[in-house]
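**Student:** Structural data only, the sequence is not supplied:
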């Protein structure tokens with residue numbers, strides 16, 4: 001295998017220059033020199049020794065990404081298209097700036113702290129962390145930390161988070177249902193814990209229905225489990241004729257499309273028999289029939305902003321907006337019946 005010294009000789013530069021290119025220290029290298037070094041690195045398939053790099057410098061250039069999520073039964077976290085989209089964007093962004101990506105999934109705060117201390121991390125990105133665990137992580141981890149889609153208690157600590165206008169999303173989808181004559185709806189949460197994004201989306205739904213003076217009711221909230229057979233039992237209740245609601249509001253496209261498929265297998269027509277909405281605008285929402293009315297968000301943008309924020313923290317730069325909430329948009333498709341149409 002070629003050495004850094006060998007690459008430097010071929011490129012006509014010093015070994016230090018090659019090392020700077022490998023470490024992403026581009027400020028010390030001209031663009032032309034960088035391209036020349038990269039050409040020879042690629043030509044000779046040079047692979048840096050990560051262990052040596054970590055020992056040789058204070059910055060390991062490893063960014064840890066931990067998804068604080070319990071997978072659904074018989075599935076992995078990465079099978080969810082939202083997870084794949086956000087992780088793909090994070091990995092691409094980390095790689096583009098010359099850093100390395102380490103992924104882990106867990107629901108244990110002790111494991112998060114242990115991993116952060118065991119690995120020599122330059123920084124840490126945490127996704128979907130419960131509010132009661134966030135302060136423990138911030139107090140225990142020495143590396144800079146940025147959260148994604150996490151919510152926090154008013155404990156006086158400073159958190160850096162990239163989230164979404166979840167409450168506005170719940171409000172938009174509910175106002176649309178109301179505009180189509182739906183007076184009774186039920187909200188399906190992604191998790192039995194019912195906090196964070198689920199809670200904020202539900203609050204938005206409540207706000208929209210509570211604005212109506214009479215005869216409009218967000219009937220209830222149903223907390224879905226990770227066990228598919230249990231979710232199917234919940235969906236099966238919808239086939240009963242005495243159910244009072246005309247619309248189902250899901251806090252994710254994943255469960256909304258799962259419900260559409262299941263209910264269609266049970267003989268229901270969507271949206272004639274029941275209207276269904278989702279949240280995320282992922283690939284499932286565009287592939288299911290009827291296509292799903294939902295709330296659009298950009299998970300890739302969340303990932304890119306989180307990496308950018310983390311790099312500023314690593315470089316000890318000022319963060320003007322530590323808590324960013326990205327915009328949402330209503331996407332109207334075919335899964336909602338217009339009850340006002342004659």
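**Tutor:** Structure received. Since the structure is predicted, the reported quantities are computational estimates derived from the model, not experimental observations.

**Student:** how about residue 127, what does it touch?
**Tutor:** With contact set as Cβ atoms under 8 Å, 6 or more residues apart in numbering, residue 127 has these partners: 65, 66, 67, 68, 69, 86, 147, 148, 149, 150. Quick note: C-beta positions are derived from backbone N, CA and C, even for glycine.

**Student:** Of those, which belong to helices?
**Tutor:** By the criterion of DSSP state H, membership of the contacts of residue 127 in helices covers residue 86.

**Student:** which ones among the contacts of residue 127 are found in strands?
**Tutor:** 65, 66, 67, 68, 147, 148 (DSSP state E).

**Student:** least trustworthy position among the residues you listed, going by pLDDT?
**Tutor:** Lowest-confidence member of those: residue 68, scoring 83 (pLDDT).

**Student:** Okay, domains of this protein per the record?
**Tutor:** 4-48, 62-164+299-326, 166-297 (automatic domain parsing).

**Student:** ok now do residue 24, which residues does it touch?
**Tutor:** 61, 97, 98, 99.

**Student:** now those in TSV, with pLDDT?
**Tutor:** TSV is the format used below for the contacts of residue 24 (pLDDT from 0 to 100):
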residue	pLDDT
61	82
97	86
98	82
99	87
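
**Student:** The stretch 201-342 of the chain: strands as residue ranges?
**Tutor:** Per DSSP state E, counting those that start in this stretch, the stretch 201-342 of the chain carries strands over the ranges 217-223, 247-250, 275-277, 294-296, 323-326, 329-331.

**Student:** Can you name the residues in contact with the fourth one?
**Tutor:** Pointing back at strand 294-296 there. Residues from elsewhere that reach strand 294-296 (Cβ under 8 Å, 6+ apart): 169-170, 172-173, 253, 256, 277-281, 285, 328-331, 333.

**Student:** Select only the buried ones of these in ChimeraX?
**Tutor:** In ChimeraX syntax, the buried subset of those is picked out as below (16 or more other Cβ atoms under 10 Å):
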select :169,170,172,173,253,256,277,278,279,280,281,285,328,330,331,333
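
**Student:** The contacts of strand 294-296 in helices, which ones?
**Tutor:** Using DSSP H, the contacts of strand 294-296 in helices are 169, 170, 172, 173, 253, 256, 285.

**Student:** Next, format the residues you listed as CSV and append distance to residue 103.
**Tutor:** Below are those laid out as CSV (distance: Cβ to Cβ, whole Å):
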residue, distance to residue 103
169, 27
170, 30
172, 32
173, 31
253, 23
256, 27
285, 25
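
**Student:** ok, which pair from these is furthest apart?
**Tutor:** Taking Cβ to Cβ as the measure, these span a maximum distance of 16.4 Å, between 170 and 285.

**Student:** in the host helix or strand of residue 10, what's buried?
**Tutor:** If you go by DSSP states H and E, residue 10 is part of helix 4-11. Going by neighbour count (16+ other Cβ under 10 Å), the buried part of helix 4-11 is 4, 7, 8, 10, 11.

**Student:** for stretch 16-28, same thing?
**Tutor:** Of the residues in stretch 16-28, 17, 18, 19, 20, 21, 22, 23 count as buried by neighbour count, 16+ other Cβ under 10 Å.

**Student:** Report the distance from that stretch to the chain centre.
**Tutor:** Counting by Cα atoms, centre = their mean, to the nearest Å, stretch 16-28 is centred 32 Å from the centre of its parent chain.

**Student:** go on, stretch 193-207?
**Tutor:** 17 Å.

**Student:** Pull the residues that contact that stretch.
**Tutor:** 128, 130-131, 149-151, 163-164, 166-174, 185, 187, 189-191, 218, 221, 223, 249, 251, 279.

**Student:** For that stretch, list every residue counted as buried.
**Tutor:** Neighbour counts using 16+ other Cβ under 10 Å place 196, 197, 198, 199, 200, 201, 202, 204, 205, 206, 207 of stretch 193-207 among the buried residues.

**Student:** Lowest-confidence entry in those?
**Tutor:** Minimum pLDDT across these is recorded for residue 196, with 88.

**Student:** who's in contact with residue 97?
**Tutor:** Per Cβ under 8 Å, 6+ apart, neighbours of residue 97: 24, 307, 311.

**Student:** nope, residue 20 is what I was after
**Tutor:** Contact analysis of residue 20 by Cβ under 8 Å, 6+ apart lists 26, 28, 29.

**Student:** Looking at residue 60 now. What's its pLDDT?
**Tutor:** Residue 60 is given a pLDDT of 68.

**Student:** actually residue 133, sorry about that
**Tutor:** We have a pLDDT of 86 for residue 133.

**Student:** For the residue nearest to it when sequence neighbours are not counted, give me the pLDDT.
**Tutor:** Once flanking residues are discounted, residue 133 sits nearest to residue 109: 4.5 Å by Cβ to Cβ, 6 or more residues apart in numbering. What the model reports as pLDDT for residue 109 is 74.

**Student:** Residue 109 reaches residue 136, doesn't it?
**Tutor:** Yes: contact criterion Cβ atoms under 8 Å: residue 109 and residue 136 qualify, at 5.4 Å.

**Student:** For those two, work out which one has more neighbours and name it.
**Tutor:** With neighbours defined as other Cβ atoms under 10 Å, residue 109 and residue 136 compare such that residue 109 has more, 17 against 14.
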